[in-house]
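A.B. asks: no sequence on this one, just coordinates:
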Ligand code: GUN
């Protein structure tokens with residue numbers, strides 16, 4: 001048996017077309033063009049690629065992109081000042097600060113400086129709180145994309161056993177909350193989990209967000225399980241691979257997401273979606 005592939009590229013394309021249409025309608029009906037500010041500090045090459053892709057995606061969707069590239073030497077104070085300016089900028093409905101930030105900057109302080117009303121990444125503690133309560137306003141982009149991919153299969157989530165591997169604030173924790181609110185029985189595994197393979201083998205839905213190439217192997221996956229791979233790892237030979245040993249696991253899983261072309265494109269689509277939703281809220285529609 002070979003797993004069905006959940007095609008993130010195709011799903012993201014469909015979403016992006018709908019978002020572009022939504023943007024046009026908002027411009028026409030309310031005279032509001034959604035705007036997204038992306039802030040990049042330092043010269044991490046991967047972050048630069050992500051921000052460039054986000055900007056291009058905005059342009060294609062008709063969203064006004066505002067890019068702020070700052071040197072690695074930027075002080076925390078001047079970054080906070082910039083964010084406060086963006087908070088007050090009427091043209092901007094979403095603000096994202098690309099992570100990771102240089103080590104001399106306190107990430108928590110920066111994320112808390114973003115107005116919760118413009119928090120397109122959903123990282124502000126106020127938005128984390130709304131998410132935990134089950135009444136989210138901004139849902140973090142990658143977790144939102146993961147849920148869309150699961151839903152695209154038509155498989156119900158309620159009652160299923162879901163195992164999330166990784167406990168980051170960006171992916172692991174929010175994805176676990178979203179699955180919980182959809183009535184899955186959720187376990188979060190991490191570096192200290194005892195018998196991690198045994199726990200993962202129980203799962204109907206596996207979300208791998210651990211950042212280790214090919215960490216999830218065929219013997220860890222229950223036959224027919226759904227496997228969502230959030231990992232993006234660069235091997236020494238330059239190859240891009242996920243956290244899942246795709247070629248082997250696809251022989252065992254019921255559904256699987258590829259890397260590249262899986263969760264990655266969904267993250268960008270959801271960022272656009274969050275920005276559009278924010279602009280709609282501003283317009284009161
Ligand atoms: N770095 C890695 N993932 C993300 C993300 O989803 N948003 C931001 N802002 N930075 C990231």
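C.D. replies: Thanks, I have it. Model, not experiment: these values are computed from the prediction. Numbers count the residues shown, from 1 in each chain.

A.B. asks: for the protein, which residue gets nearest to the ligand?
C.D. replies: residue 99 (3.7 Å; C-beta to the nearest ligand atom). Placement of C-beta: from N, CA and C, glycine included.

A.B. asks: burial of that residue, as a residue count?
C.D. replies: A count of nearby residues for residue 99, using other C-beta atoms under 10 Å, gives 16.

A.B. asks: ok, the residue nearest to it when sequence neighbours are not counted to residue 89 distance?
C.D. replies: Closest residue to residue 99 apart from its sequence neighbours, by C-beta to C-beta, 6 or more residues apart in numbering: residue 107 at 6.6 Å. Distance from residue 107 to residue 89, counting by C-beta to C-beta, to the nearest Å: 22 Å.

A.B. asks: returning to what we had before: OK, contacts around the residue nearest to residue 99?
C.D. replies: Applying C-beta atoms under 8 Å, 6 or more residues apart in numbering, we find residue 107 in contact with 99-101.

A.B. asks: and the ligand, is stretch 174-186 touching that?
C.D. replies: No - judged by C-beta under 6 Å from any ligand atom, stretch 174-186 stays clear of the ligand, getting no closer than 10.2 Å.

A.B. asks: buried set for that stretch?
C.D. replies: Residues of stretch 174-186 classed as buried: 174-179, 181-182, 184, 186 (neighbour count, 16 or more other C-beta atoms under 10 Å).

A.B. asks: per-residue confidence averaged over the helix or strand where residue 60 lies?
C.D. replies: Residue 60 is located in helix 45-61, with elements delineated by DSSP states H and E. Mean per-residue pLDDT for helix 45-61: 96.

A.B. asks: what does it contact?
C.D. replies: Applying C-beta under 8 Å, 6+ apart, the contact partners of helix 45-61 are 16, 19-20, 23, 36, 38, 40, 64-65, 67, 69, 96, 98-100, 268-269, 271-272, 275-276.

A.B. asks: mind listing which of these are in helices?
C.D. replies: Judged by DSSP state H, the subset of the contacts of helix 45-61 located in helices is 16, 19-20, 23, 268-269, 271-272, 275-276.

A.B. asks: in what helix or strand does the closest residue to residue 277 other than its chain neighbours lie?
C.D. replies: Distances taken as C-beta to C-beta, 6+ apart place residue 138 nearest to residue 277, at 7.9 Å, with adjacent residues excluded. In the assignment (DSSP H and E), residue 138 maps to no helix and no strand.

A.B. asks: pretty sure residue 138 is touching residue 126, no?
C.D. replies: No - applying C-beta atoms under 8 Å as the test, residue 138 and residue 126 come out as separate, 9.4 Å apart.

A.B. asks: between those two, what contacts are shared?
C.D. replies: Contacts common to residue 138 and residue 126, judged by C-beta under 8 Å, 6+ apart, are 116, 119.

A.B. asks: report the distance from stretch 39-59 to the chain centre.
C.D. replies: Distance, stretch centre to chain centre, for stretch 39-59: 15 Å (C-alpha atoms, centre = their mean, to the nearest Å).

A.B. asks: and that stretch, which residues are buried?
C.D. replies: The neighbour-count check on stretch 39-59 (16+ other C-beta under 10 Å) flags 39-42, 44, 47, 50-51, 54-55, 57-58 as buried.
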